[in-house]
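# Let's see this in three dimensions:
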Amino acid sequence: MSSCLAAIDYVHAIRSSGPVGIGVLALLVLASAWSWTIIIQKSLQLRRAQARSLEFLDTFWKAKRLDEIYARTGSMQDAPVAQVFRAGYVELAKLTGEGGERRLDDGGIDSIERALRRAANTELTHLEAKTSFLGSTAAAAPFIGLFGTVWGIMKAFGEISQQGNASLATVSAPISEALIATAVGLFAAIPAVIFYNQFVAKIRVIESEMNNFASDFLNLVKRHFART
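Just a heads-up that it's a prediction; the model follows:
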């Protein structure tokens with residue numbers, strides 16, 4: 001069996017797998033290539049988002065004026081927490097005026113809370129973009145590969161029955177070739193599921209940071225701008 005495996009010509013195996021087999025392998029290769037593209041892009045995006053959000057939080061708690069913080073966040077488009085702040089600040093400025101002379105009632109506080117929530121949801125949607133493809137690839141690729149293997153085995157046994165020779169040497173090579181589809185399916189699925197879980201965990205951390213900041217910002221607004 002091992003000698004048959006070692007002697008497999010993979011190019012010939014793919015060419016002889018027929019339109020269905022080639023289609024399955026092409027689909028899996030494309031899914032794997034796109035998954036790795038997403039993995040690289042999302043890794044860089046989430047790393048920047050975490051670093052820039054921590055940078056913003058450090059700036060926020062050290063600064064003394066909200067307008068000063070708002071000016072500094074103009075270059076922090078890749079910091080989700082900063083974008084939540086900007087949405088809340090814009091709503092606060094509209095309700096209190098430029099000098100902050102107007103006091104906020106409960107309706108004003110609710111408006112700021114909604115602005116913070118909308119901004120957090122927008123940033124969360126941006127962070128989660130394309131990760132669903134990794135989840136789908138992780139779930140579907142093994143089954144697509146298995147389908148290709150089953151199809152290849154059916155095709156191989158059909159050819160063997162026509163030849164009338166069912167020796168081990170005759171059977172092992174075409175079955176081994178049929179298993180290529182399963183191997184490619186696992187090759188596509190394993191990295192996808194690993195990185196999908198990692199990305200989901202990182203996104204949940206950033207989501208928690210946005211929610212915590214929104215609560216802190218709302219408490220600050222209530223202390224300094226709400227009617228007493």
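
# mind listing what's buried in stretch 89-107?
By neighbour count with 16 or more other C-beta atoms under 10 Å, stretch 89-107 contains the buried residues 89, 91, 92, 95, 96, 104. Bear in mind the C-beta positions are built from the backbone N, C-alpha and C, glycine included.

# I should have written stretch 28-36 there, sorry.
28, 31, 32, 34, 35.

# Would you mind listing where this protein has pLDDT under the threshold?
1-17, 98-101, 159-160, 163-174, 228 (pLDDT under 70).

# what number of residues lie near residue 219?
Here the count is done by other C-beta atoms under 10 Å, and residue 219 has 10 residues near it.

# and it, helix, strand or coil?
helix (DSSP: H, G, I helix; E, B strand; the rest coil).

# Which stretches in this protein count as helices?
2-6, 10-15, 18-62, 66-72, 80-96, 106-128, 131-163, 168-178, 180-225 (DSSP state H).

# between the last one and helix 131-163, how many degrees?
Which is helix 180-225. 170 degrees (axes from the mean of the first three to the mean of the last three C-alpha atoms, to 10 degrees).

# So residue 137 is in contact with residue 186, correct?
No. Counting by C-beta atoms under 8 Å, residue 137 does not reach residue 186; the two are 11.4 Å apart.

# which one of the helices of the chain is the most hemmed in?
Highest mean neighbour count of the helices of the chain: helix 80-96, a mean of 22 (counted as mean count of other C-beta atoms under 10 Å).

# What helices and strands are in contact with that one?
helix 18-62, helix 66-72, helix 106-128, helix 180-225 (3 or more C-beta pairs under 8 Å, 6 or more residues apart in numbering; DSSP states H and E).

# CA atoms of it as PDB?
Extracted as PDB, the C-alpha positions of helix 80-96 are listed here (Å, rounded to 0.1, in the frame of the first residue of the first chain):
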ATOM      1  CA  PRO A  80     -13.200  51.200  17.200                       C
ATOM      2  CA  VAL A  81     -13.300  52.700  20.700                       C
ATOM      3  CA  ALA A  82     -12.300  56.100  19.300                       C
ATOM      4  CA  GLN A  83     -15.100  55.900  16.700                       C
ATOM      5  CA  VAL A  84     -17.600  55.200  19.500                       C
ATOM      6  CA  PHE A  85     -16.300  58.300  21.400                       C
ATOM      7  CA  ARG A  86     -16.600  60.500  18.300                       C
ATOM      8  CA  ALA A  87     -20.200  59.500  17.700                       C
ATOM      9  CA  GLY A  88     -21.100  60.200  21.400                       C
ATOM     10  CA  TYR A  89     -19.200  63.500  21.300                       C
ATOM     11  CA  VAL A  90     -20.900  64.700  18.100                       C
ATOM     12  CA  GLU A  91     -24.300  63.900  19.600                       C
ATOM     13  CA  LEU A  92     -23.400  65.600  22.900                       C
ATOM     14  CA  ALA A  93     -22.200  68.800  21.000                       C
ATOM     15  CA  LYS A  94     -25.500  68.900  19.100                       C
ATOM     16  CA  LEU A  95     -27.500  68.700  22.200                       C
ATOM     17  CA  THR A  96     -25.500  71.000  24.500                       C
END
